[in-house]
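K.L.:
Quick check, what structure comes out for this input:
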Amino acid sequence: MHDPILRMPPEWHPQQWLWVGFPHDPVEWPGFLGAAQEQIARFASAVADSGQPVRLIVRDEANAARARSLCSAAVTLEVRRYGDVWLRDTGPLVVQGSARQVARRFGFNGWGGKYLMDGDQEIGAELAASADLPVETCDWILEGGALDGDGTGLVATTEQCLLNPNRNPQLTRADLEARLARDLGYSRVLWLGDGLINDHTDGHVDNLARFVAPNVLALPRATGADDPNAAIYADAKARAEAFGVQVREVPSPGRVETDGRIEPASYMNFCITSRLVVVPTFGTAHDAEGVAAVAALFPDRDTIGLPADAVLAGGGGFHCASQQVPSVSSDSAR
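P.N.:
Coordinates of the predicted model:
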């Protein structure tokens, strides 16, 4: 049984450093690898230049050389074996009390068996060990991007992902709620419905809904009559408000397509760091408005938008590619 006083702090809690994954696999990024590397390097550099340490995880020395040519000198490089860059999902989730931290490691099955890559089972424990964090293994499958908490014990997730039979078919909704409380300190669960259309992760919540303060949830607002996710956004808003959560809306990127395929483009995949919020942009007419709306949610931090269309081509965004290590302090409220 885990220590019940340990809880995962919200992302706006002060951070010691940010891990970021560097794209390396041309099969995973066909035609986009170079551009994806450049966009991740800009993201890592912006955070490091803001004054927060960044540990950029690279696959081998050749990728380290490529990263060095692209990144600010403030970025630290670490060579490690991993498959996908989505450290939000494969990295450790750090829980803490007033004076100690523990890395929780969950089962990982390649997002329901879809993407099984060398190193992704091991990278979480390896990162935790590199941070001198004690590791405790949990007896169920979970990715970090499937959750977003507000620091008070409230967490948002989607039914599409957490209740998906390709993750934990033996667990009921009540079982999952009990494990979220036991392993991460989440005592209340806001169940949203579906995530974005064509999201490779089966609808991770970090592409749909993000807490920006205690009991305050940011959600997209449909832009344009052809916004493919309009009904999903409306359903999420109705569920959140019925739960008693305050909703703040951010305009969506609208309809983003590649060769006729709807892309799960979302400004909600922003990354909150100690001094800076980084918002992915996609070259749409709504980018400036989306970044400004996110910036209004974080008056205590600088906010920038950076291109992330090539990163999205590999299946995720800046938030997906990163994982923070919180600072140890007694107050996680903003």
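
K.L.:
now V102: how far from V94?
P.N.:
Look at V102 and V94: by CB to CB, to the nearest Å, they are 7 Å apart. For the C-beta atoms, the positions are set from N, CA and C on the backbone; glycine is no exception.

K.L.:
Need the residues touching each of those two.
P.N.:
Common neighbours of V102 and V94 are listed as L133 (criterion: CB atoms under 8 Å, 6 or more residues apart in numbering).

K.L.:
who's in contact with the longest helix along the chain?
P.N.:
The residue-count maximum for a helix in the chain (DSSP state H) belongs to helix 33-49. Residues from elsewhere that reach helix 33-49, judged by CB under 8 Å, 6+ apart: 18, 20-26, 29, 54, 56, 66-67, 70-72, 74-76, 85, 271, 273, 276, 278, 304, 306-311, 313-314, 318, 321-322.

K.L.:
In that helix, which residues are buried?
P.N.:
Neighbour counts over helix 33-49 (16 or more other CB atoms under 10 Å) mark 33, 35-49 as buried.

K.L.:
same check, this time on stretch 148-162
P.N.:
Buried residues in stretch 148-162, defined by neighbour count with 16+ other CB under 10 Å: 148-158, 160-162.

K.L.:
now stretch 20-31
P.N.:
20-25, 28-29.

K.L.:
which one of those sits closest to D139?
P.N.:
G21 (25.8 Å; CB to CB).

K.L.:
And the next helix or strand past the lowest-mean-pLDDT helix or strand in the chain?
P.N.:
One helix or strand of the chain scores below all others by mean pLDDT, DSSP states H and E: helix 110-113, with a mean of 70. Sequence order places helix 123-130 as the next helix or strand after helix 110-113, per DSSP states H and E.

K.L.:
which helices and strands does the next helix or strand after that following helix pack with?
P.N.:
Going down the chain from helix 123-130, the next helix or strand is strand 135-141, by DSSP H and E. Here strand 135-141 touches strand 101-107, helix 123-130, helix 173-184, going by 3 or more CB pairs under 8 Å, 6 or more residues apart in numbering; DSSP states H and E.

K.L.:
Which one of those lies nearest to F282?
P.N.:
Set against F282 and scored by CB to CB, the helices and strands packed on strand 135-141 come closest in helix 123-130, at 27.7 Å.

K.L.:
Give the other helices and strands that the closest one contacts.
P.N.:
So helix 123-130, by 3+ CB pairs under 8 Å, 6+ apart, packs with helix 87-90, strand 101-107, strand 135-141.

K.L.:
tell me the SS of Q323?
P.N.:
Assigned state for Q323: strand (three-state reduction, DSSP: H, G, I helix; E, B strand; the rest coil).

K.L.:
thinking again about what came up before, nearest to Q170, out of the buried residues of stretch 148-162: which one, please.
P.N.:
Nearest to Q170 among these is L162, at 13.4 Å by CB to CB.
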